[in-house]
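Enquirer: below are the sequence and a predicted model for it; my questions follow.
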Amino acid sequence: MVRVISFFGTYREAWRTPSRYDELVTQRVGGLVRGEAWARFTAGFAPGTPSYGWPSLDEPFEAEVMALTRETIARCARLLDLTDVTVVLLPESPENAFVLERMGGVAGLTVGAGVVVLRVAPTTSWQPFVVDAVAHELHHASWVHTRDDVDRTVDLSLVEAVVMEGRACVFARELQPDFVAPWTRALTEMQARNALGVVGEVLRGKQTVDAGAFLFGGHDFAPWTGYDVGTRMVQAFRARFPDMSWRDMTRLDAMAVALGSGALP
């Protein structure tokens, strides 16, 4: 079962009474999304009253987000094993320029197998980004649920991390084939070939790489390198095994996907 909880109303109340921001937002929302994940997710999120208004708090917009989220959940549930997942909806701050300008106004985070958090702002093209984020994060939740040791999701190998993100990206892409998320095509062809070579070297034990820098950018890796490369690997695997269901694909070991893709040099 997947349920949806909106905290838009909490943020509306906090915006009207800024002195209660910490009490309302941190206690109510942070009480559900606890610990390090909450700290990571709110990093860079401007607290209190944004300096130039908050269009994300508009009630009709909240209703649209809720409806599209529920519709996407229903589509995902036909393809994935989803057990006891809560999708938490929050308004995105108008001061978070990176999310608004480069991610369509939508950011997501999966906390273990049980909680998915989405922040959403009414950009000019937010709808496909919401569908993509819901599908992407629900795939993560389904994948975590298949693992024997859920705690391992905070300490993945490079191959595990890249395949995990690649599977989620491709699952979301197949749900709306006409939409290409920018992080899935972030590299030039030369950058992609070089990055695939790095994955191959790591797989053979000839190189060590910081998985976080490879995924998100840093240490000479372009932003979203791991997402782009993971998408290419999983798409190649899907092309070779087109009849595999998403339930089976989600359970498959990351090494089997990497080697079975034929994408690594």
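Expert: Perfect, I can see it now. Note that the coordinates shown come from a computational prediction; the quantities given were computed from them, not determined experimentally.
Enquirer: can I assume residue 76 sits in a strand?
Expert: No - judged by DSSP: H, G, I helix; E, B strand; the rest coil, residue 76 forms no part of a strand; its state is helix.
Enquirer: which residues touch it?
Expert: Residue 76 sits next to 82, 134, 135, 138, 139, 175 when contact means Cβ atoms under 8 Å, 6 or more residues apart in numbering. To be clear about C-beta, it is placed using only N, CA and C from the backbone, and glycine gets the same treatment.
Enquirer: ok, and the closest non-adjacent residue to the fourth one?
Expert: By the measure of Cβ to Cβ, 6 or more residues apart in numbering, the closest residue to residue 138 outside its immediate chain neighbours is residue 76, 4.7 Å from it.
Enquirer: and the helices in this structure?
Expert: 8-16, 21, 28, 35-42, 59-77, 97-102, 126-146, 158-175, 189-203, 211-216, 225-240, 246-251, 254-261 (DSSP state H).
Enquirer: adding mean pLDDT, write those out as TSV.
Expert: Shown next, in TSV, are the helices of the chain (pLDDT from 0 to 100):
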stretch	mean pLDDT
helix 8-16	76
helix 21	61
helix 28	66
helix 35-42	53
helix 59-77	95
helix 97-102	89
helix 126-146	95
helix 158-175	96
helix 189-203	95
helix 211-216	92
helix 225-240	98
helix 246-251	96
helix 254-261	96
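Enquirer: so can I have TSV of these showing distance to residue 181?
Expert: As requested, the helices of the chain are exported to TSV (distance: least, Cβ to Cβ, whole Å):
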stretch	distance to residue 181
helix 8-16	24
helix 21	32
helix 28	30
helix 35-42	19
helix 59-77	14
helix 97-102	11
helix 126-146	5
helix 158-175	7
helix 189-203	15
helix 211-216	14
helix 225-240	8
helix 246-251	18
helix 254-261	19
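Enquirer: no further queries at this time; thank you.
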